[in-house]
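**Student:** Can you look at this prediction? I've put the sequence above it.
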Amino acid sequence: MSLFKIKNTEVTKLSTLEPKKEKNIQTLFEQNLLTILNVDFLVSEYSTSFGGRIDTLGIDRNGSPVIIEYKRNQNDNVINQGLSYLRWLLDHKANFEILCKSKNIKVDIDWNSPRIICVAESYNKFDLDTVEILPIKLELLRYRIYEDDILLLESESQKTVKVSTSKIFERGKKEKESINRLQKDYTVESHLESASKEIRDLFFDLKEKIMSLDNSITEEAKSKYIAYKLTTNFVDIVIQKNAIKAFLNVPSGKLNDTFNIARDLTKPKPIGHWGNGDYEVLVRNQEEMNKLFELIRQSYVYNK
């Protein structure tokens, strides 16, 4: 993607820069992990018992363990590395729990939703094809560094399996069970099971509006909510029987709530909650939903 700088009426194209050292992009992410990905940094170069080292290990605000691998050249196979590290981590949960305790992490660990994030300047066809057929979710992030100290981060792919891999590969029952246990699948429909017809209709209307903001937006059903995200979640939706609750990923004081419908979860003191961000909005009808969407648009722009 080309970026341009505007000064008065003159437009100049910004040039891309190469990190001076391979380690630079990893250091940049680790020192700003909460800002970039809404993930708490735990440790760098975490040693595993089979000799490999996880580039970056973190935990997100929902308690999901996060493995981050950086692709520094075309020959790096970060996808396979990430999968291998995930399997190791799930076999050594106690190690991760001790690490979180030592870092004073208070959130409960969600072992049903571990995440693998790959970071690279580009991905080849084989990377994208691999992610397409894997029966678990992987997040591929593409970055560019521009002059004037500008970092651009885009989601290259975050796809779930589109076809049954059993039609392509023959696996034994034991191997299938081993793969399925890596991540638990949640669906939007499961979140809607207890909702009234009015709330279901309201949700689908809201979903259509959210997805129309940008074709890069992905929808992901988590255990407690439905997330809408670019490189990170900008709104998390909780479906109730007679209401929709939204968590906006905007820091306290940054939301322009002219409708006065958002609750600041940091005041007078922080309140624990599902989802990301500092604001909560509860809606029950179309008029309230239209107001909510305007606030969601703000969160989208803030996280874009």
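**Tutor:** Yes, it's here. Given the structure is predicted, the values throughout are model-derived calculations rather than measurements.
**Student:** any low-confidence regions in this structure?
**Tutor:** Scanning the chain with the threshold set as pLDDT under 70 gives 1, 19-23, 74-75, 157-183.
**Student:** make it 80
**Tutor:** Counting by pLDDT under 80, the chain shows low-confidence ranges at 1-2, 17-23, 51, 72-76, 124, 126, 128, 130-136, 156-185, 269-275.
**Student:** Centre-most residue in it?
**Tutor:** In the chain, the centroid-proximal residue (CA atoms, centre = their mean) is Thr232; its distance is 4.3 Å.
**Student:** so it makes contact with Asn249?
**Tutor:** Yes: between Thr232 and Asn249 a contact is recorded at 6.9 Å, counting by CB atoms under 8 Å. (Glycine included, C-beta is placed from N, CA and C.)
**Student:** Name the residues contacting each of these two.
**Tutor:** 38, 276, 303 (CB atoms under 8 Å, 6 or more residues apart in numbering).
**Student:** Just the strands from the stretch 151-300 of the chain, written as ranges.
**Tutor:** Under the criterion DSSP state E, counting those that start in this stretch, strands of the stretch 151-300 of the chain are mapped to 218-221, 226-229, 233-239, 244-248, 262-264, 279-283.
**Student:** can you confirm Leu89 is in a helix?
**Tutor:** Yes: applying DSSP: H, G, I helix; E, B strand; the rest coil, one finds Leu89 inside a helix.
**Student:** between the longest helix along the chain and strand 233-239, how many degrees?
**Tutor:** Of all segments of type helix in the chain, defined using DSSP state H, the longest is helix 286-303. Angle of helix 286-303 versus strand 233-239, following axes from the mean of the first three to the mean of the last three CA atoms, to 10 degrees, is 150 degrees.
**Student:** Can you mark which positions in helix 286-303 are buried?
**Tutor:** Of all the residues in helix 286-303, those buried under the rule 16 or more other CB atoms under 10 Å are 288-289, 291-293, 295-296, 298-300, 303.
**Student:** Make TSV out of the residues you listed and add distance to Glu97.
**Tutor:** Shown next, in TSV, are the buried residues of helix 286-303 (distance: CB to CB, whole Å):
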residue	distance to Glu97
Glu288	41
Met289	40
Lys291	41
Leu292	37
Phe293	39
Leu295	36
Ile296	35
Gln298	37
Ser299	32
Tyr300	35
Asn303	30
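**Student:** Near Ser2, how many other residues are there?
**Tutor:** Residues near Ser2, counting by other CB atoms under 10 Å, number 8.
**Student:** which ones are touching it?
**Tutor:** 13-14.
**Student:** and what of the one 10 residues further on?
**Tutor:** Contacts for Thr12 were tallied using CB under 8 Å, 6+ apart; they are 4-5.
**Student:** Would you map the helices across this structure?
**Tutor:** Using DSSP H, helices in the chain cover 23-31, 33-37, 78-91, 93-102, 125-133, 173-180, 188-192, 197-211, 286-303.
**Student:** and the angle for the fifth one with helix 78-91?
**Tutor:** Looking back up the chat, that one is helix 125-133. Going by the same axes, to 10 degrees, helix 125-133 makes 40 degrees with helix 78-91.
**Student:** Would you mark the buried spots in helix 125-133?
**Tutor:** Using 16+ other CB under 10 Å as the test for burial, helix 125-133 gives 127, 130-131.
**Student:** Equivalent analysis for the third one, please.
**Tutor:** For helix 78-91, the buried set under the neighbour-count rule, 16+ other CB under 10 Å, comprises 78-79, 81-86, 88-90.
**Student:** Export that helix to CSV, keeping only CA atoms.
**Tutor:** The C-alpha trace of helix 78-91 is given here as CSV (Å, rounded to 0.1, in the frame of the first residue of the first chain):
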residue,chain,number,x,y,z
VAL,A,78,6.5,-19.4,10.8
ILE,A,79,3.2,-21.2,10.4
ASN,A,80,4.5,-24.6,11.1
GLN,A,81,6.6,-23.2,13.9
GLY,A,82,3.6,-21.5,15.5
LEU,A,83,1.6,-24.8,15.3
SER,A,84,4.4,-26.7,16.9
TYR,A,85,4.8,-24.2,19.7
LEU,A,86,1.0,-24.2,20.3
ARG,A,87,1.0,-28.0,20.7
TRP,A,88,3.9,-27.7,23.1
LEU,A,89,2.2,-25.0,25.1
LEU,A,90,-1.0,-27.0,25.5
ASP,A,91,1.0,-29.9,26.8
